[in-house]
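# fold the following and give me the result.
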Amino acid sequence: MVFSSLQFILVFLPIFFTGYYLTPEKYRNAVLLAGSLSFYLVGTINAPGHFVLFVAGIVADFLAGICMEKRQRYKKAILSCTVVFHLICLCIFKYSNFVLGELGKICDGFPSFNEIILPIGISFYTFQGISYVVDVYRGQVQAQRNIVDLALYIAMFPQLIAGPIVTYSSIKKEISRRSHSMRAVEEGLKTFTIGLGLKVLLANRLGGLWNEAGTVGYESISTPFAWLAITAFSLQIYFDFYGYSLMAKGLGRIMGFTIPENFHDPYLSLSMTEFWRRWHMTLGSWFRDYVYIPLGGSRKGKLMTFRNMLAVWALTGFWHGASWNFVVWGLFYGVILITEKYFTGKILAKLPEAVQILYTMILVMLG
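Numbering: from 1, shown residues only. Below is the predicted model:
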């Protein structure tokens with residue numbers, strides 16, 4: 001189910017919220033978890049193994065958190081095993097088709113294989129699970145002893161399939177206790193409706209123009225139409241993703257949760273560095289906290305900073321999609337951000353704001 005579907009809006013939401021608000025407050029976490037698991041089960045009805053994998057990941061995180069606190073001597077090994085489990089699952093389901101396809105290109109007689117179906121939301125719930133066990137290992141949060149509450153953090157349906165990526169520390173208090181009010185419901189419905197409008201009225205319409213360019217054929221379209229199509233595609237991605245993030249935020253607000261902002265007017269940015277602080281902000285924060293800083297960040301000299309930034313951006317590109325063009329896309333932005341950080345940033349800051357915005361938008365659209 002996608003949030004903009006009639007099935008979700010007219011069937012799932014009325015049934016879920018009726019049950020949620022008729023249930024006494026102390027049992028609402030259980031209702032929310034049941035609704036979230038049902039939501040995911042519907043999406044994996046043709047691939048039940050994906051649902052089993054999802055639940056197994058939650059159980060692994062729950063046990064790992066408790067074991068790390070009880071077995072301090074082995075907590076690094078427990079953390080490593082849990083993170084490796086998550087990454088193996090992600091790599092098998094998201095990247096096996098790509099790797100096997102590339103091997104087939106370079107190895108004559110390489111056996112054919114059935115394409116592996118990607119589980120819904122695995123890129124998002126994998127990162128949430130990893131962030132939880134890492135934070136427990138670091139001592140930043142206490143391990144959750146109630147599996148319902150931990151499962152709710154990972155499985156909560158508003159942010160399960162398209163983000164934002166939420167850390168356990170940012171939401172643990174609201175999982176334990178949160179307030180409900182008609183004002184919050186009103187605010188949540190407004191936010192959800194705005195997000196739905198961005199998705200259905202803008203993103204879907206702009207997507208039609210981009211698809212038309214593909215139908216005509218890239219080798220046949222004129223230069224003005226090519227730029228128009230690229231602009232439409234850039235706006236479609238923004239309104240689609242921003243719309244989903246707003247719908248998630250609105251649904252969370254209705255239930256008393258504060259789901260973080262994921263976009264902050266990125267197309268008004270004055271540089272690519274600023275753009276990536278405003279676009280998919282929760283993903284950027286995740287890579288900063290769990291990859292860039294552990295690698296050493298910018299603390300070990302310019303050369304190591306270059307390495308760390310390129311590593312983060314190569315991984316960012318590969319996270320977005322399993323193909324070489326996504327790796328190149330990530331490195332493209334990594335090189336630009338390094339260039340801005342050490343060479344062109346001060347020059348760019350002296351230019352008129354309109355020129356800075358134009359510079360940023362051209363690079364975004366080319367990317």
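# what's around Pro224, how many residues?
Residues near Pro224, counting by other Cβ atoms under 10 Å, number 8. (Glycine included, C-beta is placed from N, CA and C.)
# helix or strand for it, which one?
For Pro224, the host element (DSSP states H and E) is helix 223-254.
# can you give the distance of that helix from its chain's centre?
Its chain's C-alpha centre and that of helix 223-254 lie 14 Å apart, by Cα atoms, centre = their mean, to the nearest Å.
# quick check: mean pLDDT of the helix or strand encompassing Leu33?
Assigned by DSSP H and E, Leu33 belongs to helix 28-43. Averaged over helix 28-43, pLDDT sits at 95.
# can you spell out which helices and strands pack onto it?
Counting contacts by 3 or more Cβ pairs under 8 Å, 6 or more residues apart in numbering; DSSP states H and E, helix 28-43 packs against helix 13-22, helix 48-70, helix 147-155.
# may I see the buried residues of that helix?
Neighbour counts over helix 28-43 (16 or more other Cβ atoms under 10 Å) mark Arg28, Asn29, Val31, Leu32, Leu33, Ala34, Gly35, Ser36, Leu37, Phe39, Tyr40, Gly43 as buried.
# not counting sequence-adjacent ones, nearest residue to the first one?
So the one you mean is Arg28. Once flanking residues are discounted, Arg28 sits nearest to Tyr20: 6.0 Å by Cβ to Cβ, 6 or more residues apart in numbering.
# what is the neighbour count of the one you found?
Using other Cβ under 10 Å, Tyr20 has 17 neighbouring residues.
# quick one: buried residues of the helix or strand bottoming out on mean pLDDT in the chain?
Lowest mean confidence among the helices and strands of the chain (mean pLDDT, DSSP states H and E): helix 204-216, at a mean of 86. By neighbour count with 16+ other Cβ under 10 Å, helix 204-216 contains the buried residues Leu206, Gly207, Leu209, Trp210, Ala213.
# wait, which of the residues you listed is closest to Cys81?
Gly207 (42.0 Å; Cβ to Cβ).
# measure the nearest residue to that closest one once chain neighbours are set aside to Ala162 for me?
Using Cβ to Cβ, 6+ apart and skipping the chain neighbours, the partner closest in space to Gly207 is Gln236 (4.6 Å). Per Cβ to Cβ, to the nearest Å, Gln236 is found 15 Å from Ala162.
# related to what we said a few turns ago, Pro14: which of the buried residues of helix 28-43 is nearest?
Relative to Pro14, the closest of these is Gly35; by Cβ to Cβ it sits at 11.8 Å.
# so what's the residue count around the residue lying closest to that closest one once chain neighbours are set aside?
Excluding the flanking residues, the one nearest Gly35 by Cβ to Cβ, 6+ apart is Phe16, at 4.5 Å. Other residues near Phe16 come to 21 when the count uses other Cβ under 10 Å.
# the helix holding Pro224 packs against which elements?
helix 182-197, helix 204-216, helix 353-366.
# nearest to Phe263, of those helices?
helix 182-197 (10.7 Å).
# and the closest one, how far out from the chain's middle?
Helix 182-197 sits 21 Å away from the centroid of its parent chain (Cα atoms, centre = their mean).
# give the other helices and strands that it contacts.
With contacts taken as 3+ Cβ pairs under 8 Å, 6+ apart, helix 182-197 sits against helix 223-254.
# can you give me the buried ones in the helix it packs on?
228-230, 232-254.
# give me the mean pLDDT for it.
Helix 223-254 comes out with an average pLDDT of 94.
# low-scoring stretches of the stretch 51-200 of the chain, by residue?
109-112 (pLDDT under 70).
# pipe the buried residues of helix 204-216 into CSV and attach distance to Arg299 per row.
Formatted as CSV, these follow (distance: Cβ to Cβ, whole Å):
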residue, distance to Arg299
Leu206, 42
Gly207, 43
Leu209, 46
Trp210, 42
Ala213, 45
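# Arg253 and Ala184 touch, don't they?
Yes: at 5.6 Å, Arg253 counts as touching Ala184 under the criterion of Cβ atoms under 8 Å.
# returning to what we had before: so the helix holding Pro224 versus helix 13-22, what angle?
If you take axes from the mean of the first three to the mean of the last three Cα atoms, to 10 degrees, helix 223-254 sits at 30 degrees to helix 13-22.
# after helix 223-254 comes which helix or strand?
Using DSSP H and E, the helix or strand that follows helix 223-254 in sequence is helix 272-278.
# for that following helix, C-alpha coordinates in CSV please.
In CSV, the C-alpha atoms belonging to helix 272-278 read as follows (Å, rounded to 0.1, in the frame of the first residue of the first chain):
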residue,chain,number,x,y,z
MET,A,272,25.7,22.0,-3.0
THR,A,273,27.0,21.7,0.5
GLU,A,274,23.9,23.6,1.7
PHE,A,275,21.7,21.6,-0.6
TRP,A,276,22.7,18.3,1.0
ARG,A,277,22.0,19.8,4.5
ARG,A,278,18.5,20.5,3.4
